[in-house]
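> Sequence and predicted model, in that order:
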Amino acid sequence: MSRKKTPRSKGGGRASPSSALPPGQGNGGARGAGRRLSPELPPNGAALPGRPSLSNSGEFYDVAFKVMLVGDSGVGKTCLLVRFKDGAFLAGSFISTVGIDFRNKVLTVDGVKVKLQIWDTAGQERFRSVTHAYYRDAHALLLLYDVTNRASFDNIQAWLTEIHEYAQQDVVLMLLGNKVDSTQERVVKREDGEKLAKEYGVPFMETSAKSGLNVELAFTAIAKELKHRSMKLPNEPKFKLHDYVKKEVRGSGCCRS
Ligand SMILES: Nc1nc2c(ncn2[C@@H]2O[C@H](COP(=O)(O)OP(=O)(O)OP(=O)(O)O)[C@@H](O)[C@H]2O)c(=O)[nH]1
Ligand SMILES: [Mg+2]
């Protein structure tokens, strides 16, 4: 089988403050991308069926998608990504993300290799205009708040407004309430998160980058939805992201106390 090579770079990339440049002109991940931010990803995110591509880490994949992590500064976006990518928790002092950064991970979903190019955005207000430019190419968005920080939850509505303004209409969206390991400090109830998610019709789960709770599930659910959307097989039942999340979260016994 012929295998197509994609341009090589390091496993991740960064568009740093100088990355407040137009998309494709930052250093790192966006370098050489022209107008597009994700040089390896075709507009619909899918590689050609039957022709696997090689990811930056040397892994072959069948389809590729761009996922963005958004939410207030300090909610745990970077930690969630590091937990998912490396299986580790970034303990210690908080280093706020500057600009935007990405990491790739290839998952196997129903026998299909799905590459997620995951963009970790800066939550700080001063980088907002940088991140706006990246929304339009995103196939999925993980919107985070911190269950120990009421303001981060109250800001979700503003984030949704921003998403509606800058992202594609059919973007896959999921709401995550992070830091559920901090039971003593919790100020946002699970029910509040569920209610808000229901109001906006988005799937919801609580996560912990520290313990790893539901982290794999959040990304896998997104990957499954995107894969099903791009590779509809005849006679295959329609994948329902809401149902899958509900079933799997309950199954994990995570957030039911
Ligand atoms: N207890 C607990 N702490 C967490 C968790 N996730 C992140 N943190 C802590 O929260 C702080 C902020 O985490 P980051 O991942 O850097 O936050 P961020 O959303 O990337 O912030 P910005 O880059 O500024 O947008 C750090 O001190 C982390 O150690 C979690 O699940 N549980
Ligand atoms: Mg960060």
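On my side now, so go ahead. Owing to the predicted nature of the structure, the values given are computational and were not obtained by experimental measurement. Numbers count the residues shown, from 1 in each chain. Ligands and ions are numbered 1, 2, ... in the order given.
> Grab the longest helix from the protein for me.
Determined from DSSP state H, the single longest helix within the chain is helix 215-230.
> what comes into contact with it?
Helix 215-230 is contacted by residues 44-46, 63, 65, 67, 80, 83-84, 105, 107, 109-110, 112, 114, 116, 118, 139-140, 142, 172, 174, 176, 203, 205, 207-209, 236, 238-239, 241, 244-245, 248-249, 252 when judged by Cβ atoms under 8 Å, 6 or more residues apart in numbering. Just so you know, the C-beta spots here come from the backbone N, C-alpha and C atoms, and that holds for glycine as well.
> Just the C-alphas of the next helix or strand after it, formatted as CSV.
As assigned by DSSP states H and E, the chain's next helix or strand after helix 215-230 is helix 241-252. Extracted C-alpha coordinates of helix 241-252, given in CSV (Å, rounded to 0.1, in the frame of the first residue of the first chain):
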residue,chain,number,x,y,z
LEU,A,241,-22.4,11.8,21.0
HIS,A,242,-24.8,12.8,23.8
ASP,A,243,-25.9,9.2,24.4
TYR,A,244,-22.3,7.9,24.3
VAL,A,245,-21.1,10.4,26.8
LYS,A,246,-24.1,9.8,29.1
LYS,A,247,-23.6,6.1,29.0
GLU,A,248,-19.8,6.2,29.4
VAL,A,249,-19.8,8.8,32.2
ARG,A,250,-22.3,6.8,34.2
GLY,A,251,-20.3,3.7,33.5
SER,A,252,-17.1,5.2,34.9
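> In helix 241-252, which residues are buried?
Across helix 241-252, burial judged by 16 or more other Cβ atoms under 10 Å covers L241, H242, Y244, V245, E248, V249.
> Surely the last one is in contact with T207?
No - the pair V249 / T207 is not scored as a contact, 9.9 Å apart, by Cβ atoms under 8 Å.
> Which neighbours do those two have in common?
Counting by Cβ under 8 Å, 6+ apart, the residues touching both V249 and T207 are N214.
> Could you pull up the residues touching the nearest residue to D72 once chain neighbours are set aside?
Leaving aside its sequence neighbours, D72 sits nearest to S152 (Cβ to Cβ, 6 or more residues apart in numbering; 4.2 Å). Residues near S152 by Cβ under 8 Å, 6+ apart: G71, D72, G74, V75, L144, Y145, D146.
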